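# sharing a model prediction with you, sequence too.
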Amino acid sequence: AFRNKLEFFAAAKISSSFPPPDLPEIAFAGRSNVGKSSLLNALTRQWGVVRTSDKPGLTQSINFFNLGPKLCMVDLPGYGFAYAKEEVKEAWEELVKEYVMTRVGLKRVCLLIDTKWGMKPRDLELIDLMERYETKYQIVLTKTDLVFPIDVARRAMQIEENLKAKKSAVQPLMMVSSKTGAGIRSLRTVLANVARF
Ligand code: GTP
Ligand code: MG
């Protein structure tokens with residue numbers, strides 16, 4: 001499963017350059033700097049294939065990675081960093097919308113939320129989009145190592161409350177730290193079931 005080799009496959013800045021949807025896909029979405037690329041690395045134990053950075057907004061295209069012959073992992077560009085211009089926001093929206101609308105193999109979107117900061121308006125916009133297109137998504141709280149356990153639990157409860165009325169949200173919410181490895185194994189198990197491989 002997650003022992004397979006992670007290989008960069010394609011990058012797309014417009015929907016016409018999406019690769020053919022031959023494999024089941026799991027996508028990772030969330031604000032810039034929330035830890036998407038780090039989580040991909042931690043899940044696959046393959047550091048360096050997916051670039052991570054202190055500078056928000058590094059990943060501006062949708063990046064497709066093959067994890068062995070049967071699964072595609074997708075790193076979606078981060079949103080919402082303060083200095084993003086309006087045109088950047090619109091281009092991002094268009095790209096991610098096209099992605100969510102058209103990918104027939106998309107099995108699950110992991111929506112990453114920074115445990116310390118919680119959900120922001122742009123996260124809720126993405127949730128609305130996924131609800132509209134009936135895309136199954138799952139919340140993953142990230143960087144739990146930076147917050148006291150009691151605050152992780154509080155944040156989790158608050159978000160679960162918010163998601164009660166949502167149809168496409170898959171429970172339970174997951175909590176991870178790519179730094180310490182906490183929660184990574186559980187998330188791997190969940191995602192392996194999603195992909196059924
Ligand atoms: P964009 O590509 O800009 O959208 O960011 P991203 O969501 O891919 O974030 P990335 O994985 O590049 O991580 C951003 C920063 O957060 C880096 O400095 C990481 O080292 C740090 N980081 C990621 N995960 C964790 C974590 O679990 N704990 C801590 N303490 N830092 C983390
Ligand atoms: Mg990234």
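The structure has been received and is ready for your questions. Ligands and ions are numbered 1, 2, ... in the order given.

# so which bits of the worst-scoring helix or strand of the chain on mean pLDDT are buried?
Within the chain, no helix or strand scores below helix 86-102, which has a mean of 85 by mean pLDDT, DSSP states H and E. For helix 86-102, the neighbour count (16 or more other C-beta atoms under 10 Å) marks A91, W92, L95, V96, E98, Y99, V100 as buried. C-beta here means a position set from N, CA and C on the backbone, and glycine is covered the same way.

# tell me the one of those residues nearest ligand 1?
W92 (10.4 Å; C-beta to the nearest ligand atom).

# how many other residues sit next to the residue lying closest to L191 once chain neighbours are set aside?
Once flanking residues are discounted, L191 sits nearest to I26: 5.7 Å by C-beta to C-beta, 6 or more residues apart in numbering. Residue neighbour count, defined by other C-beta atoms under 10 Å, stands at 22 for I26.

# do the same with the one 3 residues further on
Other residues lying near A29 total 25 when counted by other C-beta under 10 Å.

# on that earlier part again, now the residue nearest to L191, what's its secondary structure?
The three-state label given to I26 by DSSP: H, G, I helix; E, B strand; the rest coil is strand.

# spatially central residue in this structure, please.
Nearest residue to the geometric centre of the chain (C-alpha atoms, centre = their mean): F28, 1.7 Å.
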